[in-house]
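# based on what follows, work out the 3D shape:
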Amino acid sequence: MDIGPVRSERELEQILALQQRNLPRNVDPLAIADQGFVTVEHTLPILGRMHELEPSIVARDGPALAGYALVMPVECRSFVPVLEPMFQRLEGLRRRFYVMGQICIDAPWRGRGLFDGLYQAHREHLRDRYELVVTEVSVRNPRSLRAHLRVGFREIERYRDLTDQWVLLGWDWSPRA
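So this is what the prediction gives:
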């Protein structure tokens, strides 16, 4: 398994295909409860703009994309308006941070440590520029919430917006953490 930054537009297209398969409208309700889901739907132009600012991290198994973890620097804030409530909550942070925009492991590779591997690659590739990574997880996605807490995230707050109830999480990479 090769885990590292996105290398091509083809990989961005593979991210979008995996994302589509894991949106709630495309996942059986029983699988949502057991396997999780992704919430935000991106487009190729938006992923391309995000990638230009800071490449996302992917897991490759030969030509197949096994999983991804999107990197969203604060400069991406306007790219995905549905995330504005989260960004508003982060305005007071006096830290160098970015948002982990979404993580997804394709079904054949689940349970093999890729979730942790993608986050370790985030840390390896980004910790010299950021001291904190934040993300939010739907309370309806307990599998994802447990996995985030396991790798080192801590709850910052819970809130509700027009789309869902969220747990805002942060993983502190600063030397004092």
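# and the helices in the protein?
For the chain, the helices defined by DSSP state H occupy 9-21, 29-35, 44-53, 84-90, 114-126, 142-151.
# name the residues that touch the second one?
Meaning helix 29-35. Contact with helix 29-35 is made by 24, 27, 107, 110, 140-141, 143, as judged by Cβ atoms under 8 Å, 6 or more residues apart in numbering. (Each C-beta comes from the backbone N, C-alpha and C, glycine too.)
# now the fourth one
Residues from elsewhere that reach helix 84-90, judged by Cβ under 8 Å, 6+ apart: 74, 77, 97, 99, 134, 136, 156-157, 159, 161-162, 166, 168.
# what do you get for the first one?
If you take Cβ under 8 Å, 6+ apart as the criterion, helix 9-21 is touched by 6, 26-27, 38, 41-44, 47-48, 51, 56, 58, 60, 64-65, 67-68, 70, 102, 104, 106.
# of those residues, buried ones?
6, 27, 38, 42, 47, 51, 56, 58, 60, 65, 67-68, 70, 102, 104, 106 (16 or more other Cβ atoms under 10 Å).
# returning to that earlier point: ranking the contacts of helix 29-35 by neighbours, who comes first?
Compared across the contacts of helix 29-35, Asn141 has the highest neighbour count, 22 neighbours, by other Cβ atoms under 10 Å.
# quick one: that one from Gln14, how far?
Distance, Asn141 to Gln14, by Cβ to Cβ, to the nearest Å: 22 Å.
# now do the contacts for the most centrally placed residue in the chain.
With distances taken as Cα atoms, centre = their mean, Gln102 lies nearest the centre of the chain, 2.3 Å away. Applying Cβ under 8 Å, 6+ apart, we find Gln102 in contact with 19, 38-40, 42, 68-70.
# kindly recompute the last result at 7 Å.
38, 40, 70 (Cβ atoms under 7 Å, 6 or more residues apart in numbering).
# now the first one: phi and psi?
In other words, Val38. Note on Val38: its backbone torsions stand at phi -110, psi 150 [degrees, to the nearest 10].
# which pLDDT value does the model give the spatially closest residue to it that is not a sequence neighbour?
Excluding the flanking residues, the one nearest Val38 by Cβ to Cβ, 6 or more residues apart in numbering is Asn22, at 4.7 Å. Asn22 is assigned 92 on the pLDDT scale.
# likewise for Ala177?
Per-residue confidence for Ala177 comes out at a pLDDT of 57.
# quick one: distance of the lowest-mean-pLDDT helix or strand in the chain to the chain centre.
Using mean pLDDT, DSSP states H and E, helix 29-35 stands out as the lowest-scoring helix or strand of the chain, at a mean of 82. On the basis of Cα atoms, centre = their mean, to the nearest Å, helix 29-35 sits 19 Å off its chain's mean C-alpha point.
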